[in-house]
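>>> Build me a structure from this.
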Amino acid sequence: MVTIIDYGASNIKSVIKAFEHLGVDVLVTNDNELIKKAEILVCPGQGSFNQAIVELKEKGIDELIKNHIKEGRPFIGICLGFQLLFESSDENGHHKGLGVFPGHIRRFRFDDPTLKVPHMGWNLIKPTDSDDCYFKNLPSYYVYFIHSYALFELDNTLNGTKTTYGGEFISSISRDNVLATQFHPEKSGEAGLTLLRNFLVKNGESYANTH
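Here you go, the predicted model:
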């Protein structure tokens with residue numbers, strides 16, 4: 001079963017549909033006891049970093065996420081759920097994140113006036129490790145983005161993907177039990193579904209419809 005954290009952020013319905021399409025049982029909850037027992041935990045979301053971190057801390061979900069990852073249980077972060085894993089963000093002031101991984105989230109800055117913020121639409125992801133099992137056999141490496149803030153430096157203990165938009169930024173990270181994407185796999189067609197399927201199969205074949 002996949003447990004999706006409902007902490008008041010948007011973009012949960014499309015995430016639910018993606019996992020259901022893969023044949024996975026889905027539980028959507030903000031109940032701490034259910035989150036604590038999760039096999040595979042998913043933190044989605046679109047919205048403001050500072051509001052999200054306040055919500056997670058007020059509900060005590062921040063520590064549950066950190067414990068879940070520390071214990072080696074499978075975790076997926078999507079969009080805002082990706083950004084929250086890092087140490088801090090400049091969105092609406094300087095705010096501390098969950099600090100699971102080193103890194104700072106900042107707004108896109110361009111000299112080219114033709115580049116708009118937010119970065120929105122389809123763009124190419126380039127895996128930093130060609131052997132990364134999560135990014136194997138994707139039918140396309142074009143995925144869907146919508147964001148104004150990004151991570152620009154990747155810790156060398158992490159794999160993931162990079163994307164170019166006025167310069168390179170980190171579009172996903174992966175390490176052992178963690179997959180987190182700045183892009184939206186649930187809105188990225190068969191490529192996104194394949195990525196999610198790869199993660200589910202790697203972390204327990206019974207969780208996924210592999211056809």
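
>>> Now do the strands in the chain.
2-5, 26-29, 40-43, 75-78, 86-89, 95-96, 101-107, 119-124, 126-127, 142-147, 149-151, 159-164, 168-175, 178-181 (DSSP state E).

>>> Mind putting those into CSV with distance to Glu63 and mean pLDDT?
C-beta here means a position set from N, CA and C on the backbone, and glycine is covered the same way. What follows is the strands of the chain, written out as CSV (distance: least, C-beta to C-beta, whole Å; pLDDT from 0 to 100):
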stretch, distance to Glu63, mean pLDDT
strand 2-5, 13, 96
strand 26-29, 16, 96
strand 40-43, 13, 97
strand 75-78, 14, 98
strand 86-89, 16, 98
strand 95-96, 14, 96
strand 101-107, 16, 97
strand 119-124, 31, 98
strand 126-127, 31, 96
strand 142-147, 26, 98
strand 149-151, 22, 98
strand 159-164, 25, 96
strand 168-175, 20, 96
strand 178-181, 17, 98
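
>>> pretty sure Phe169 is touching His147, no?
No: applying C-beta atoms under 8 Å as the test, Phe169 and His147 come out as separate, 9.3 Å apart.

>>> any residues in contact with both of the two?
When contacts are counted by C-beta atoms under 8 Å, 6 or more residues apart in numbering, Phe169 and His147 are jointly contacted by Gln182.

>>> Fine by me, thanks again.
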